[in-house]
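Visitor: need a structure here:
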Amino acid sequence: MNAHPQPELRNHALIVTVSSNDGRPVLDRRAYESLARTFHEAAENDEVRVVVLRGLAGCFCLGGDFSEFLDATKHQKLIAAVTDMFRMLATFPKPILACVDGDAVGVGCTILFHCDMVIASEKSTFRVPFVDFGLVPDAATSILAPQKLGYAGAFRFFCLGDTLRAEDARALGLVAEIVPEGGVEEATLGRARQLAKKPVAALLQTRGLLKGNTTALCERIDEEISLFQQALQDDATLRRLQRIARLAA
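Guide: Now for the predicted structure:
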C-alpha cells in the first residue's frame, strides 16, 4: 500500500512530502528518485512558482534508510539516485521553503541547507550524526554549512554531532522563523503565497543572483558521494552501522 502523500499544487506552491513511498519518515532509493523527478517536473512547470517541503505528522525526516547502506547490492542504484537528487536540489531555479515540525536528522537535515527559508515549530530538532556513523556529510553541506552557520558553528554541528533545538538553529541561521506547534504549515504556506505573488522573472533572477554559480556545489556533491561510498566499503564503518541499525530496530 502506498502511504506517501502525493505532491499537491496549491496557489502556485507545490507541497511535497519528504518520506519513503511506504510512509516511513526516511529516504530510500525510490524516495530519492521520486523527489528528483518531482523537482525536475516542477522546474519545467510554469504553474509552480514555489516548492514547500514538509514531513509526515510530528516528524520532518529521520535520514536515510539504513538497510540500503548495509546491502552492497543496492549501493550502485542508491548512489545514482542520491547524486541525482542532490544535484537537482543544488540547481533548482525556484524558491524552496521547508516546513519542519519535529526531528530533522541526517539527510533530513542536510536538504534544508538548499532551502531558501526554513520555518520550524518550537519542538523541532536538527542533528547530523554522519561522523558518529563513520560517514561524511552530503548534499554539498561541506560548502553550504560553513556559509550559513559560520565555520565554528558548522564544525560543532557536524563534527560534534550536537542536536540543535529550534532556537539554537535560528540563532545559527539554519532556521528563519519559529512558530508555535500546530501552526508551522500554515505559516510556511503563507510565506509561499507571498513569494508566489511576486513578479516571477524578478523573483527568479534575484534568487539566482543570491545563489550564485552552482557548479562548485555539484562538484562537491560528487566528492562527498565518493567518500560516502568508500566509507560503505569499510568493515569498521559497516559494523558501526549494523550496531546502530540494531539499536534503532
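Visitor: Where do the helices of this structure begin and end?
Guide: 29-44, 66-69, 75-91, 107-110, 130-133, 141-149, 151-155, 166-172, 184-196, 200-211, 215-231, 235-248 (DSSP state H).
Visitor: Just put those in a markdown table and tack on mean neighbour count.
Guide: From N, CA and C alone the C-beta is placed, and that goes for glycine too. As requested, the helices of the chain are exported to a markdown table (neighbours: other CB atoms under 10 Å):
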| stretch | mean neighbour count |
| --- | --- |
| helix 29-44 | 18 |
| helix 66-69 | 18 |
| helix 75-91 | 19 |
| helix 107-110 | 28 |
| helix 130-133 | 17 |
| helix 141-149 | 19 |
| helix 151-155 | 15 |
| helix 166-172 | 18 |
| helix 184-196 | 18 |
| helix 200-211 | 12 |
| helix 215-231 | 16 |
| helix 235-248 | 12 |
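Visitor: could I get those as CSV with mean pLDDT and distance to Ala120?
Guide: Output for these, formatted as CSV (pLDDT from 0 to 100; distance: least, CB to CB, whole Å):
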stretch, mean pLDDT, distance to Ala120
helix 29-44, 97, 20
helix 66-69, 90, 25
helix 75-91, 96, 19
helix 107-110, 98, 11
helix 130-133, 94, 21
helix 141-149, 97, 15
helix 151-155, 97, 17
helix 166-172, 97, 5
helix 184-196, 98, 7
helix 200-211, 98, 21
helix 215-231, 96, 24
helix 235-248, 87, 24
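Visitor: out of these, nearest to His12?
Guide: helix 184-196 (3.9 Å; CB to CB).
Visitor: who touches the closest one?
Guide: 10-13, 15, 49-50, 52, 54, 95, 97-101, 117, 119-121, 177, 179, 203 (CB atoms under 8 Å, 6 or more residues apart in numbering).
Visitor: Can you flag the buried ones in these?
Guide: Neighbour counting with 16 or more other CB atoms under 10 Å marks 12-13, 15, 49-50, 52, 54, 95, 97-101, 117, 119-121, 179, 203 as buried within the contacts of helix 184-196.
Visitor: Can you give me the distance of Ala231 to Gly23?
Guide: 29 Å (CB to CB, to the nearest Å).
Visitor: circling back to that earlier point, nearest to Ser19, of the helices of the chain?
Guide: Of the helices of the chain, nearest to Ser19 by CB to CB is helix 29-44, at 6.8 Å.
Visitor: burial of Val136, as a residue count?
Guide: By the criterion of other CB atoms under 10 Å, Val136 has 18 neighbours.
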